[in-house]
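Participant: One predicted model, sequence on top.
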Amino acid sequence: MISWLLVMPIAIPFATAVIAWLARMGPAGRWISLFGSVLSLVASLALLMAVLENGVVAAQMSNWDAPFGITLVADYLGVVMVVITAITGLATAIYALGEIPERMEKLGYHALFQTLIAGVTGAFLTGDLFNLYVWFEVMLISSFGLLVLGGSREQLDAGIKYVALNLVSTLVFLSGIGLLYGMTGTLNMADLRGAVAAVENQGLVTVVAMMFLVGFGVKAAVFPLFFWLPASYHTPSFAVSAVFAGLLTKVGVYAMMRMFTLVFTGDIGFTHELLIWVSLLTMFTGVVGAAAQMDFRKILSFHIISQIGYMTLGLALYTPLALMGGVFYLVHHIIVKANLFLVSGMANKLAGSTDLNRIGGLYKSSPFLAVLFVVPAFSLAGFPPLSGFWAKYLIVKASIELEMWFVAFVSLLVGLLTIYSMTKIWGMAFWKPHPDGIEPTPDRVPASVRLPMMIPIVGLAVMTVVIGFFPEPFVQFARVSAEQLLDPGAYVTAVLGEGAAAPAEPAAATDAEPVTEPASETGGQP
Amino acid sequence: MEALTALIVGLLVAGSVYLMLARSFMRFLFGLILLSNAANLVIFASGRMTPGAPALVPYGADAPAGVVGNALPQALVLTAIVIGFGLLAFTLALAFEAYRRLRTMDTDKMRLAEPKEDGK
Amino acid sequence: MADILVGILLLGGGAFVLIAAIGIVRLPDLLTRMHASTKAGTLGSLLILAGLAVHVASVPVTSKVFATALFLLLTAPIAAHMIGRAHARTTRKAEQSAASKG
Amino acid sequence: MTAAEFLDLSVTIAMGMILLGLAVAFFRLAVGPSLADRVVALDMMTITIIAFCGVYVVAVDDASFLDVAIVLALVGFLATVALARYAERRFERENGSDDEAARKREGDENG
Amino acid sequence: MAEPSDPNAPWVNPAGMITVAITAALFIFFARYLPVVPVEGAVPFVWDWIPSLDIRMSFWLDGLSLMFALLITGIGALVMLYAARYLAGHPQYNRFALYLFSFMLSMLGLVLADNLITLFVFWELTTFTSYLLIGFSHTDPKSRRNALQALLLTAAGGLALLAGFILIGITQGTFELSQLNAAGTMAEHPAYLGILILVLIGAFTKSAQVPLHFWLPNAMAAPTPVSAYLHSATMVKAGVYLLARMHPSLSGSDVWVWVLTLFGATTAVFASFMAVRQTDLKQTLAYTTLMALGTLVLFLAGSTGYAITAAMTFLLVHSLYKAGLFLVIGIVDHETGTRDANVLGGLARAMPITAAAAALSGLAMAGIPPFLGFIAKEVAYAGALEMALTVFVVVMAFAAFALMFAVALIVAWKPFFGPQGDLPRTPHEGPWAMVLGPATLAVLGLLFGLMPGVAAYYLIEPAVAAVMGAPDTGGRLKLWAGFNLPLLLSLLTFAAGYLLYRFHLDLRERLARIEARAPDLDAGWDRLLDAFVAFAKGQTRVIQTGVLRHYMFATFAVLAVAMLATMLLRPVGGVSLAFDGIGFMEWGIAALIAAGTVLVILTSSRIAALVGLGVVGIGVALIFIVYSAPDVAITQLLVELLVVVLLAVALLKMPYLDAGNRQTHRPFDAALAVLVGGLTAWVLLRVTDAPFDRRLTDFFEGASWTEAFGRNIVNVILVDFRTLDTFGEIAVVIVAALGAFALLKGGLKRGPEGETAPHAEKERKE
Amino acid sequence: MNSIIFTAGARILVALLFVFSLFMLLRGHHLPGGGFIGGLLGAVAFIVYSLACGPAEAKAALRASPEGIAMVGLGIALLAGLVSFVFGDPLFTGQWYWVGGDSYETSIFSINSVLVFDIGVYLVVLGGILSLAFAFEEET
Amino acid sequence: MNNALVINLILAFAWAAMTGNFGIDSLALGAVLGFFALWLSAPLTGVDRMYFIRSYRVVRLAAFFLWELLLSSVRVAWDVIRPFPQNRPAIVEMPLSVQSDLEILLVTNLISLTPGTLSVDVTPDRKTLLVHAMFADDPDALVAELKNGMERMVAEAFET
Ligand code: NA
Ligand code: NA
């Protein structure tokens, strides 16, 4: 049963991709994709229920016990990422009904989209390092396809940079996996926790940890590895950029959180300290970068970077509160940032551009959209009582608790500068009259396009508000997530079984024989 | 042999980095191929190297008789090779299409998405 | 005895392979070089495969060796033909066009 | 010298000659000068790998490597064919029609 | 800046009336606590909002919050009524009403909150709603700019405040103001100074203390009702409210006294001069608001009963008359079309009720008996005489009050009773909905002055008790306190104030000259923003160059530095190159790979590079062959082959290589490349140096045949032990194919050179 | 590319390669080979076909679009994994049905999900690579 | 011919079935034995005599080819390693008599494989084969040698 629940969020999008692709030439494809997204959400929620009921759940794929086979595992962090992925997926699938032209559907948009979701979900659920690499690649190649789908010159130009830098990070990550395997002989992440601690040459572990940090850092778009993001996120279709903005970098953050709480915890004074500075620079350079931009989506893109810094900061500070903040930030930011990109798409449809100098008048003519912009925008800026405030609050409080004044200062300053950018968009796209005298009223777009585009915007905005006004369950969830991250005993037990969770003593393990269980006992196949 | 493989990997990485830093995206592609090879060799060498004994269970036996090559990194490398091929093929298509539409392979001149005067 | 035969076959094969390689460096023009690679190289490989077949002396291996040899004999000349043809066509056309432009 | 020793020695020498052959072929591959020269060298190397596999089977007494040889014997020619075809088509493009020929080269190419 | 309103438009707008009604109802609701609070001290309301963060939605109705609540709802109701007429027919009136109402609720939440985080939530909500209100005339760039200025400055202060609050929560263990205040001053705590500074930054920005004051006059871009409400009676007082609210826990230190005194006094006097300097009456009033805020801060510096009573009284008085005067100016503007002090005059005949309201408010402002303003001034002087830095405080207060007297005449006397001016329109009395507000407020100012005991018992003394954190003796508010020093000072104030009024035109000129030479903070703000944007652009130019190889270089450099630094900072041991057991065969393969690599790097021929890659691929395949991996070797060879085939097709339509290795950046590239390569090799050497844990491998070898029924262990791993990897992998292949297919076949119509733009494409026009 | 020699050779080679690719697929569980290698070889077969006779003819010989083949292959691989749920096992657990016996030793041959999965792999690799190759071929 | 081949193969499989061994070795032996059986029973089964003749010619061609391969490989090898290579390369035109694809393929491949000669191209009318010869001192003699040797043998082995 648990196995079912863990597999379905990955299998459903794959199956949907296959069927949607086979039906891509007709109108059925988009509805199949939508239906699959609904199913994914249902499956994710079922998994969430299971995790809430049982704590960390795990299942051994192919029925080979960990660490020999591949384990899928869902702890609080994992499952919430899966759910939020499904939500974002559904929102975007609805949006695509209005936005994605038939030409792109025939080129396989829905299949690429669903495999992207499958890859992201797989990355969140896998408990195996190499398998994580595979899901990264599924996600990456799908994102390549989606990024350049449509083939405008900007897209191709952006695609070159996006592809090049992401491939490099992938290969760094892959090499890191190889080296880690070379040191420990295992790939199971729970197993790696003990195995890495038992490695004699801990300095070398830290060197390899740096490779992971760089590999994930590029994915997560931290300073100074984020170049690919502002170079590309403003070019694809809006549904695509919304999914990218919401999910892709978060996979990097998630992987960082996972590896640097579960496996690379031997030299926190070095790795996490470094990550603090990286995070601060990420937050600051991102938000400053946004200030230089004059395009709706480019501004949003730079803000992704800036916000990523908060999340990695949560990890870097490495206290329960900080990690809690990091997790809360992840969830909040996916919803909010995806929504802002969706809004930018609607603005583009109504006002004819995303260049802030060439649009305007949305406040007057489309007040409803204005409200729907304000909610995520000011949530992003950390205005209470929207979701972003609590996220920022947790991080700032964590840094003040640690008496890291400078960290708290930068966190707050970046929040302020975020307001600057959000109000820039507000001022230029909404308040300012349209420079061409156009009245961007909603009826400029036919209802068949407008409604699918507005529904997800409304839905995500409502979620932002709900999380903001009633944060208690989410905060509690984030707290348990953080506790599980800081003390992965439950995770390790769920994966490896009872008795495996005892932390390996580095001194004792060096002369001990590697534990090889007899095949007859461990081989799960009857 | 791991030591020598490490040196080979070092050379391949150095070569690929040098190529990837070039202005021509074609050279980047070449570097990418080299780097994939290097990463595969890293995995392969990390599993330690055994000459002349494929990881096969002989007919009539339940397990390989002596020490055989480590099968796990082989499977990983195989997976990585195929994935690498997929990525490379896509990248090649991208380069091809980019050249067709942008008329350049010089990445210094690819400034459409981030034009020079950007940030005004 | 078989070992000696195998040794000789391997040595002969190795020698042909090496000579073929030297040939493609030493011989003056492309088509002539291809004589070395196509023939001596193929023969060298065949000799080595024969040695292998003698050495292992099992039917599956022998049949595989036969298959390999057959495939090689089928494909090597085709490859040579293609490259020779390309060379011939391009150089001849180039000469023609140079002559006509004159 | 026993027969077995002779075999070992021949294996070593054959392996040496094959590797030397690879090196020599590489020289042609590197210096060209024409595309066809390089392709011929690459083709030569493919055949040499088949020989290498053969010798290695004898060296380690494991016939699995013959599978590599058999695959290579079957498909190795394709690279040569593809490159030869490339040479021919490129030549046609550059000399066939005037507008194609007029296209500016971005740099020199030897091969 | 006046909003266009159609005098004939129906103004009984449902949205407006509902907001007025609710606000009035709220006023009545709070008014019912007037008898309760003086007796019971405080009424709490608690909802456990986020228990896991110890954040409660808790409210605390005591004298201070009650006074504020009544001002907010009372003045709010009047202002909303006024606005319904003022903006009648405005197309966005509904939004306006919504914003104003939201603001009212936010402000109410702010003053009622007991939990600091709850307070902060409302604090920021007032910031946000006021942003919408200030920018209400959103088509005007000036309006947008000023709204942003107010937002950023107050939000910046808000963030400092948040930090301060969090620090309080961490150090004091609670966010509940009632508990904090009950515990007395935290001046002894090591974090006190930090907390104080942070809270003061928040309070001072919100309450526009010099030098963070300049946003307030600009905020007058908002419609006049907004100015009346936000910038006189409510929002700007939030900072003052906070200082009063936290008085028991934050006061009691020299820093508190000094900082508040200096900033308050400076702000008060500076603002008074600036008020005289202005000719736009709305601006004049804006500066007098500033002056009032300074005065309030000044008196909050003191901890004596008189000082606090002075602050609370003055707060009440000011709210009443200032809101009234703003509304009056709004009427004048509405009716005459101008707010220019030099033009306006003699309006009393045309608009007698307005004139009367103005006069009453003006008298309250000037501090003439028997208005409450007079009492406030008396108490203020009494308080000032008790405070630390007595002389300074008294002198500054005197200056401020005198100037205020003059301003009162300028604003409330001259336009109505001064010489007739040359007006753009013929004035009429304002509609009753607009006049009602100022009239009510003006009358209230008079009534409270006549019955100071009532005001004291129900409003001021409970508030003072709340601020002092202890029950207060009270009885300080008297219309006639006898002949004493404060009275003398009052009289002197009148004299000085009148003189100032007489010569105010002169003074204005002098001030204008001084102002011209003084640094212009408002322009400085623009320069600051410009500098920030310039910095941002500079950063973008440096970091986000748009050039791929810069990005690549940075990425690899980061990798190299991270690895190298770790090696230097952490013990990682040395390298031993163990080449034993490596024969000529292995060296030969290595040499082949090396040769291929070098060829690819050095050649400027595409085909040479391509065959070089083929050689490297063959070399790597040879490693796989020699080291027992036939499956991998076959796959490697097949994939290499396919790469060559695909490249041979693709290269037909791709350009030749440039002679790139001669470019100037290449030596640096080479150095980095060598570094990255060396580091990778080094790490791999170290990793493979140590013994290997064969647990997984042993299991696979044992189970492959016996449990998974396959003899090729590699394949069994691929299709059984680790199927999920393989599944993901084929997904990559298929998606790569689909993606490439979509790219190449994009369905776009192309010309011979493939240059025809697709229909969806937006070409850059610039 | 109207080389008589190559075309004639391709006739033999295509069939040979294709049979060989199936051979490699089926033997893969016990000897070097498997779905990847088989699929790659199958793709090579049709690439040879396409070089000899043009992509259009090669596509026609394939009967179905390569992308479709790949997609179906992915579906087959997924089903091979999902089928284990029917037997109450986790995803991708190998399901073995012994024809004429109850174990490897006693049975004549087996029907198993592992091979079905490998066939899915084969189809994906074949279809995916051909799709790429044809797309490039048609664009130049 | 085809019938005969099919029968031969059936016999091979029958042999394998009888021995219970379907290995390559068993099948090969069955094929050889079947060939003999066919040969012996030719009058009875009505199998064309040509089947046996052609089979002989195919074997003869293979032997001839292998010998030629060895011989000329040595010749080329010697020319490669001798101090002063003696080759006088030239392209000669050889008229083609064989016309079917398979025969052309065989002829050209065999010519290519035997050292000293290399099939470069077939003219579009399939009438002429361009052969590059390494030792083309006497082109006419060379063409005659090729036609009488390789081409004739191929034609004989596959004539219909
Ligand atoms: Na399985
Ligand atoms: Na795999």
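Facilitator: Perfect, I can see it now. Ligands and ions are numbered 1, 2, ... in the order given.

Participant: From now on I want contacts and neighbour counts done on CA atoms only, so please keep to that.
Facilitator: Fine.

Participant: can you map out the helices along chain G?
Facilitator: Per DSSP state H, chain G carries helices over the ranges G:2-19, G:24-40, G:42-45, G:49-81, G:101-113, G:139-146, G:152-158.

Participant: Of all those helices, which one comes closest to residue A:329?
Facilitator: Minimum separation from residue A:329 across these (CA to CA) falls at helix G:24-40, 66.4 Å.

Participant: what inclination does the closest one have with respect to helix G:49-81?
Facilitator: Counting by axes from the mean of the first three to the mean of the last three CA atoms, to 10 degrees, helix G:24-40 lies at 130 degrees to helix G:49-81.

Participant: ok, and what's touching helix G:24-40?
Facilitator: C:59-60, C:63, G:8-9, G:11-16, G:19, G:45, G:47, G:52 (CA atoms under 8 Å, 6 or more residues apart in numbering or on different chains).

Participant: Can you pick out the most distant pair from those residues?
Facilitator: Taking CA to CA, no two of the contacts of helix G:24-40 sit farther apart than C:60 and G:45, at 33.0 Å.

Participant: what's the most buried one of the helices of chain G?
Facilitator: helix G:101-113 (a mean of 24; mean count of other CA atoms under 10 Å in any protein chain shown).

Participant: now the most centrally placed residue in chain G: how far from chain B?
Facilitator: Centroid-nearest residue in chain G: residue G:61, 4.4 Å away (criterion: CA atoms, centre = their mean). Using CA to the nearest CA, to the nearest Å, we find residue G:61 at a distance of 38 Å from chain B.

Participant: The closest residue to that residue other than its chain neighbours and chain D: what is the separation?
Facilitator: Among residues not flanking residue G:61 along the chain, residue G:153 sits closest, at 6.2 Å (CA to CA, 6 or more residues apart in numbering or on different chains). Plainly put, residue G:153 is 26 Å away from chain D if you go by CA to the nearest CA.

Participant: Residue G:57 is in contact with residue G:153, correct?
Facilitator: Yes. Counting by CA atoms under 8 Å, residue G:57 is a contact partner of residue G:153 at 7.4 Å.

Participant: how about the residues of chain F that lie near chain G?
Facilitator: By CA under 8 Å from any CA of the partner chain, the residues of chain F that approach chain G are F:3, F:4, F:5, F:6, F:8, F:9.

Participant: Please verify my assumption that the third one contacts residue G:100.
Facilitator: No. With contact defined as CA under 8 Å, residue F:5 does not reach residue G:100; the gap is 10.8 Å.

Participant: So the two - more neighbours on which side?
Facilitator: Taking neighbours as other CA atoms under 10 Å in any protein chain shown, residue F:5 and residue G:100 compare with residue F:5 leading, 26 against 14.

Participant: which residues in the stretch 401-526 of chain A form strands?
Facilitator: For the stretch 401-526 of chain A, applying DSSP state E, counting those that start in this stretch gives no strands.

Participant: and what of chain F?
Facilitator: In chain F, the strands defined using DSSP state E lie at F:96-99, F:109-112.

Participant: for chain E, same thing?
Facilitator: Going by DSSP E, chain E shows strands at E:42-50, E:55-62.

Participant: Just the residues contacting the shortest one, thanks.
Facilitator: Surrounding strand E:55-62, the residues in contact under the criterion CA under 8 Å, 6+ apart are E:37, E:41-50, E:109, E:112-115, E:117-118, E:175-176, E:178, E:462-463, E:466.

Participant: how big is the angle separating it from strand E:42-50?
Facilitator: Going by the same axes, to 10 degrees, strand E:55-62 makes 170 degrees with strand E:42-50.

Participant: element containing residue 29?
Facilitator: The chain I'm using is chain A. In this structure, residue A:29 sits in helix A:28-54 according to DSSP states H and E.

Participant: wrong one, I was asking about chain D
Facilitator: Assigned by DSSP H and E, residue D:29 belongs to helix D:3-31.

Participant: Let's check: the centremost residue of chain E is which one?
Facilitator: By CA atoms, centre = their mean, the most central residue of chain E is residue E:155, 2.3 Å off.

Participant: Report the contact partners of it.
Facilitator: Residue E:155 neighbours (CA under 8 Å, 6+ apart): A:416, E:124, E:127.

Participant: what about the residue in chain E that ligand 1 sits nearest to, distance to chain C?
Facilitator: Distances between chain E and ligand 1 by CA to the ion are smallest at residue E:720, namely 3.3 Å. According to CA to the nearest CA, residue E:720 and chain C sit 28 Å apart.

Participant: Do you have the helices of chain F handy? List them.
Facilitator: Using DSSP H, helices in chain F cover F:4-27, F:35-53, F:55-62, F:66-86, F:113-139.

Participant: Relative to ligand 1, which of those is closest?
Facilitator: Proximity to ligand 1 (CA to the ion) singles out helix F:113-139 among these, at 6.3 Å.

Participant: how far out from the middle of the chain is the closest one?
Facilitator: 7 Å (CA atoms, centre = their mean, to the nearest Å).

Participant: And the pLDDT at residue 72?
Facilitator: This is for chain A. The score at residue A:72 is 95. That number is its pLDDT.

Participant: you looked at the wrong chain, it should be chain G
Facilitator: Confidence at residue G:72, expressed as pLDDT, is 79.

Participant: which ones are touching it?
Facilitator: Going by CA under 8 Å, 6+ apart, the list of residues near residue G:72 reads G:114, G:115, G:116.
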